[in-house]
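**Student:** Here is a sequence with its predicted model. Questions after.
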Amino acid sequence: MHGVPNLAAVASLTEVAIEEAREEVELNLRGSFLEELRSRPELDPAEVVRRAGKLGCDLSRGAVVLCAELTTDRPRHVVATISGEYAGALAQHMEDRVYALLPASEIDGPPEATLVAARKLAAQLQRLGIVGISSFYSDPAELGRAIQEAELVLDVLKRTDGSGMPPEDIGTGTYRLLFRVLASHPEEVRSFYDDTVAAIVSYDDQYATDLVGTLEAYLGQNCNMNATAAAIYAHRHTVAYRLERVKELTGLDPMQSEDRERLGLGLKAYRIIAPRLPR
């Protein structure tokens, strides 16, 4: 009689051990798959879809990538939250970050629907860390770039630390386009930065001036000199002098529409590549 409960206990423990082993295998598979996406851009798209499908994630219609750096020491909880909140997500903790592939949320739905769902999830996770998301990539072969893009967004959010550039701005419009180009052709973004505002960034660093801040304020105040002066607590003549220095150093005139557009885009390029610039 004493042997029966023991046999039941052994059977129960064996079942638990098998389940834990199965979970460990799946964790390893998810981790190796995501790592390959990060490091091997030449992966065949059909192979990407097949392997993700075996892990319960349908990437055939594309996806958004999420990358989070946590302030909590419970990464498995975050992974479980992602899986529970976003149907079909493939999430994994790797190298102090959590990565997630968020597949297209609707059959034949617009990419924006997936982005909206991804932003909603990112907002939920913000209390647990800093979260970056990529734009929508319809081609599974480009998901490695999507991972790079999400990492770039995260790096910029870490650097701004909630100031200087609103997180919602990073995820939309020109910033999103620049992030996408940076993930695929980083040299082009760096070249544009060098050709526009690099000279005033260097000047500010060398002489402890604020030409970059003044230019940003000027553009942010719709090129109104008085409003700019009030925004940066400086005299109107000081603003005019600094803008003249911007013109001299960059060869671009903030008073001229076409040059102003190039300077504005150059500032955006600076914000996203700043974490990677030498200090």
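**Tutor:** Received the coordinates, thanks.

**Student:** Quick one: the helices in this protein, in order.
**Tutor:** Per DSSP state H, the chain has helices spanning 3-39, 45-54, 75-85, 111-125, 143-160, 167-170, 173-184, 186-196, 198-207, 211-220, 225-231, 236-250, 257-273. These are given in chain order.

**Student:** which non-adjacent residue is nearest Thr71?
**Tutor:** Gly129 (4.8 Å; Cβ to Cβ, 6 or more residues apart in numbering). In short, each C-beta sits where N, CA and C put it, glycine included.

**Student:** Including mean neighbour count, distance to Ala104 and mean pLDDT, could the helices of the chain go into TSV?
**Tutor:** Below are the helices of the chain laid out as TSV (neighbours: other Cβ atoms under 10 Å; distance: least, Cβ to Cβ, whole Å; pLDDT from 0 to 100):
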stretch	mean neighbour count	distance to Ala104	mean pLDDT
helix 3-39	12	17	67
helix 45-54	16	12	94
helix 75-85	16	16	93
helix 111-125	17	5	93
helix 143-160	22	12	89
helix 167-170	16	22	57
helix 173-184	18	17	84
helix 186-196	16	27	94
helix 198-207	16	39	97
helix 211-220	20	36	96
helix 225-231	17	42	95
helix 236-250	17	42	97
helix 257-273	18	26	93
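
**Student:** Of all the ones you listed, which one comes closest to Ala100?
**Tutor:** For Ala100, the closest of the helices of the chain is helix 75-85, at 4.9 Å, according to Cβ to Cβ.

**Student:** Tell me how far the residue nearest to Thr71 lies from Thr72.
**Tutor:** Gly129 is 7 Å from Thr72, where distance means Cβ to Cβ, to the nearest Å.

**Student:** picking that back up, tell me how far the residue nearest to Thr71 lies from Ile82.
**Tutor:** Going from Gly129 to Ile82 by Cβ to Cβ gives 12 Å.

**Student:** Between those two, which contacts overlap?
**Tutor:** Common contacts of Gly129 and Ile82 (Cβ atoms under 8 Å, 6 or more residues apart in numbering): Val98.

**Student:** Break the protein into its domains for me.
**Tutor:** Following automatic domain parsing, the chain resolves into domains at 11-151, 186-276.

**Student:** Now do the same contact list for the residue lying closest to Arg76 once chain neighbours are set aside.
**Tutor:** Distances taken as Cβ to Cβ, 6+ apart place His93 nearest to Arg76, at 6.8 Å, with adjacent residues excluded. Shown in contact with His93 (Cβ under 8 Å, 6+ apart): 75-76, 78-79.

**Student:** Tell me the bridge partners for His93.
**Tutor:** Val98 (DSSP bridges).

**Student:** Kindly state the pLDDT recorded for it?
**Tutor:** Note on His93: pLDDT of 92.

**Student:** do the same with Gly109
**Tutor:** Per-residue pLDDT puts Gly109 at 75.

**Student:** what about Gly129 and Thr72, which has more around it?
**Tutor:** Remark: of Gly129 and Thr72, Gly129 carries more neighbours, 17 against 11, as counted by other Cβ atoms under 10 Å.

**Student:** For the more buried one, give me its contacts.
**Tutor:** By Cβ under 8 Å, 6+ apart, the contact list for Gly129 reads 68-72, 78, 98.

**Student:** mind redoing it with 6 Å?
**Tutor:** Contacts here follow Cβ atoms under 6 Å, 6 or more residues apart in numbering; on that basis Gly129 touches 68-71.

**Student:** could the residues you listed go into CSV alongside neighbour count?
**Tutor:** Shown next, in CSV, are these (neighbours: other Cβ atoms under 10 Å):
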residue, neighbour count
Ala68, 27
Glu69, 17
Leu70, 18
Thr71, 10
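
**Student:** ok, those residues vs Arg271, which is closest?
**Tutor:** Using Cβ to Cβ, Glu69 is the member of the contacts of Gly129 that lies nearest Arg271, at 18.4 Å.

**Student:** picking that back up, pick out the most distant pair among the contacts of His93.
**Tutor:** Of all pairs in the contacts of His93, the most separated under Cβ to Cβ is Arg76 and Val78 at 7.3 Å.

**Student:** what is in contact with the two at once?
**Tutor:** Applying Cβ under 6 Å, 6+ apart, one finds that no residue jointly contacts Arg76 and Val78.

**Student:** Understood, closing this out.
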